[in-house]
Structures are given as C-alpha cells and as structure tokens.
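Enquirer: quick one: sequence and predicted model below, then my questions.
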Amino acid sequence: LGATSDANKREVRIKKAVQQLKKSLKPYIKLESFTSSIDLIRFERTWNNTKYYFVINDKREFGSYVGPWKAVKDKGAANTGKLIIRKKVGAVYELSRGKKVNFTTNKNLTEIPLSFDTNDGRIYLALDKEIAKISLELPQSVTNGSNFTIKAKILDANNQPMSGYLNLVRKIEDLIW
C-alpha cells in the first residue's frame, strides 16, 4: 500500500485496496449481511438460530492529536448508512440501547438505517417475529449466599416461545452492586 504520513492519503489507499479485495472475493463469498459504507464495520455472531449483528462506526477526522500534522485521524466523526441483511425479518431490536428500531424490507433484503454522532458501536437482533412479552419465573424467596434460578420465556403475539428458555443461575451477592 505504500507508506505515507498523510492520514488522508493512507485512508484512500487502504479503502481502495479493501474495495478491490471485496470485488475479487464476491464470486466466492456471499455475505449474509453488509453495510452501505466502508466506514461502518459489521460482523455477526450466532447463538442457536439467532443472529446478532454488530456495527461499529469507524469514520474519523482530524482532532486535537499532538504530533506530526495530518498523521492521525483521532476524532470520531458522524456517519450514516444502512445495515443490510439478506433475508426478510419481522422485527429488529437495538440491544445496545434496548429498543425496537425501524427497518424496511424489499424482496429478500432488510435495510436498517444507521446514524452515529461519533465512533460508536451497536448490536442489532433481527427476528422473524416481534417480541410480544417476556415472562419471568422467580423464586418466592432466596437465602443470602445461595444459588437461585430465573426462568424467562420470550413470547410472540400468539403467546408462543420464540427462542426457548433463558436460565440464569446467580448468587445473590453477584446481583448486589
């Protein structure tokens, strides 16, 4: 890629190389999700049949870095774009903020609008159905220092479990700050 101390020139070279690599791999790799901007980095994690989409805004600009001029883009920059998933979904939740988010579907693509004020990261959960209710089963009483179980059911609009039970076993002192 060639060495340079100018962050803008280095960024252009790196992004060009990444785009060329993506283009050359396209016939061999079909991503299940992607973003509309090279500055929006995404990756996926799967638990059972559930996918979690992590998106990080890596757009940067020059800030107050003390050092060689224009060598480091050290300040996070605002950015917008989309997370695109290659399937239709029924609901999207942003887990990092604990809320349901808007999305659009067209054919077999789901598009989730993204907006960042600075460098930040978000976790999205895309489900086939909307979560209608979370039901908890709690013990009647717990003794200090003993283990206990909380059972949670995530239910759809038909009161049917969506992703099974979530069992948590914790010591009471672990729940105390």
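Expert: Alright, I've got the coordinates.

Enquirer: read off the pLDDT value for the closest residue to A91 other than its chain neighbours.
Expert: Spatial nearest neighbour of A91, chain neighbours left out: E130 (3.9 Å); criterion: Cβ to Cβ, 6 or more residues apart in numbering. The way it works is simple: take the backbone N, C-alpha and C, and place the C-beta from them, glycine included. Looking at E130, its pLDDT reads 89.

Enquirer: who are the contact partners of E130?
Expert: G90, A91, K100, D156, A157 (Cβ atoms under 8 Å, 6 or more residues apart in numbering).

Enquirer: what about this protein, any weak spots by pLDDT?
Expert: 1-4, 66-67, 163-177 (pLDDT under 70).

Enquirer: which residue ranges of it form strands?
Expert: 33-35, 40-47, 50-57, 60-61, 75-76, 79-85, 91-94, 99-100, 104-106, 109-116, 121-127, 133-137, 147-155, 161-171 (DSSP state E).

Enquirer: for the protein, which helix is longest?
Expert: helix 7-25 (DSSP state H).

Enquirer: chain center to it, what's the gap?
Expert: Centroid separation for helix 7-25 versus its chain: 23 Å, with Cα atoms, centre = their mean, to the nearest Å.

Enquirer: what's the local residue count around D156?
Expert: Using other Cβ atoms under 10 Å, D156 has 17 other residues around it.

Enquirer: count of neighbours near the closest residue to D156 other than its chain neighbours?
Expert: Distances taken as Cβ to Cβ, 6+ apart place K129 nearest to D156, at 4.6 Å, with adjacent residues excluded. Using other Cβ under 10 Å, K129 is surrounded by 14 other residues.

Enquirer: equivalent analysis for the one 5 residues further on, please.
Expert: When neighbours are defined as other Cβ under 10 Å, I134 has 11 of them.

Enquirer: that older thread, so how do I select the buried members of the contacts of E130 in PyMOL?
Expert: Here is the PyMOL selection string for the buried members of the contacts of E130, based on 16 or more other Cβ atoms under 10 Å:
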select buried, resi 91+156
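
Enquirer: let me know the closest of the contacts of E130 to P139.
Expert: D156 (26.2 Å; Cβ to Cβ).
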